[in-house]
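Asker: here's a sequence, model it:
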Amino acid sequence: MSVYTRYPTRSESIFDLGHIGELSANRTIPLLVSPQVLYALQNVAMAEIADPNRFAVILAYAGYYRLQEFDTDEYAKFLEISNQVALQLSDYLQMSTPLNFRGPLVVGTLNQNCSAGLNNLALGPPPDGEAWVIQRIGAININTNPAAIQISTGYSGNMLPLITSLSPGVGAWVLFGQELHLGEDSIVSADFSGCNAGDDIYLRMTGYIMELIP
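Answerer: Here you go, the predicted structure:
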């Protein structure tokens, strides 16, 4: 029978092999993070996942018991998990790009013959199999100082305002620069209030495209 070594009580990462064995190994969850965060996570993961001292074979009262090399079945499971993590990270990671990165995103729409009053432009949703990470949104009326420009996101009939600018000025961009994720059926829209007939209005978004792994 194995003689197990108790984990110390200090805080540290512990991977429960029993719990890991119950989790799916399918690549079904996209990771939407910045290149900086992914770089840090990759290095942390590779340092931790290959260390057998981070794995536990038995959950005991008030703590875990550490994996040992003579725990034959469990040690083989540890090696499998360690190898799969390394494989999946290396398969989808290129330095300075996010996991599941497909390419840059630059999209826009316009109306060069507005009606008087309120006008709306919208972008999205992403095509099937994609999620969009929006890093910058801009809206502009190049002919008239509109009463207001409001940029919103959400689903048709359920939109959440992101920014509202009152009287931004003729030809002045209204910009939203916080990162935003667009998934299935979600859109970004801009409402232009107080337009004159014939005004030219524009909505533009930049960011990057993420692949949804089936």
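
Asker: from Ala45, how far out is the residue nearest to Asn53 when sequence neighbours are not counted?
Answerer: Spatial nearest neighbour of Asn53, excluding adjacent residues (CB to CB, 6 or more residues apart in numbering): Arg66 at 6.2 Å. Yep, even glycine has a C-beta here, placed from its N, CA and C like the rest. For Arg66, the distance to Ala45 equals 20 Å [CB to CB, to the nearest Å].

Asker: higher neighbour count, the two?
Answerer: Neighbours were counted for Arg66 and for Ala45 using other CB atoms under 10 Å; Arg66 has more, 19 against 14.

Asker: pretty sure the more buried one contacts Phe55?
Answerer: Yes - contact criterion CB atoms under 8 Å: Arg66 and Phe55 qualify, at 7.4 Å.

Asker: stretch 191-203: which residues count as buried?
Answerer: Within stretch 191-203, the residues scored as buried using 16 or more other CB atoms under 10 Å are 191-195, 199-203.

Asker: for Val85, pull up the helix or strand it's in.
Answerer: helix 72-92 (DSSP states H and E).

Asker: and that helix, what's its mean pLDDT?
Answerer: For helix 72-92, mean pLDDT rounds to 76.

Asker: what is it packed up against?
Answerer: helix 17-21, helix 35-49, strand 55-60 (3 or more CB pairs under 8 Å, 6 or more residues apart in numbering; DSSP states H and E).

Asker: for the residue nearest to Asn53, list each beta-bridge partner.
Answerer: Note on Arg66: beta-bridge partners by DSSP bridges are Ala56.

Asker: any idea how far it lies from Pro52?
Answerer: 8 Å.

Asker: returning to what we had before: could you point out which element follows the helix holding Val85?
Answerer: strand 101-111.

Asker: re earlier: looking at the helices and strands packed on helix 72-92, spot the one closest to Ile134.
Answerer: helix 35-49 (15.8 Å; CB to CB).

Asker: got the angle between the helix holding Val85 and strand 101-111?
Answerer: Helix 72-92 and strand 101-111 are oriented at 40 degrees to each other (axes from the mean of the first three to the mean of the last three CA atoms, to 10 degrees).

Asker: contacts for helix 72-92?
Answerer: For helix 72-92, contacts defined as CB atoms under 8 Å, 6 or more residues apart in numbering pick out 15, 17, 20-21, 25, 27, 42, 45-46, 49-50, 52, 55, 57, 67-69, 99-100.

Asker: quick one, which of those are buried?
Answerer: Buried members of those, counted by 16+ other CB under 10 Å: 15, 17, 42, 49, 52, 55, 57, 67-68, 99-100.

Asker: can I get those in CSV including pLDDT?
Answerer: Compiled in CSV, the buried ones among the contacts of helix 72-92 are given as follows (pLDDT from 0 to 100):
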residue, pLDDT
Phe15, 84
Leu17, 84
Gln42, 77
Ile49, 82
Pro52, 82
Phe55, 84
Val57, 80
Leu67, 81
Gln68, 78
Leu99, 55
Asn100, 70
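
Asker: just for the chain, where's the confidence low?
Answerer: 1-12, 27-32, 59-63, 90-99, 213-214 (pLDDT under 70).

Asker: domain map for it?
Answerer: 15-92, 101-211 (automatic domain parsing).
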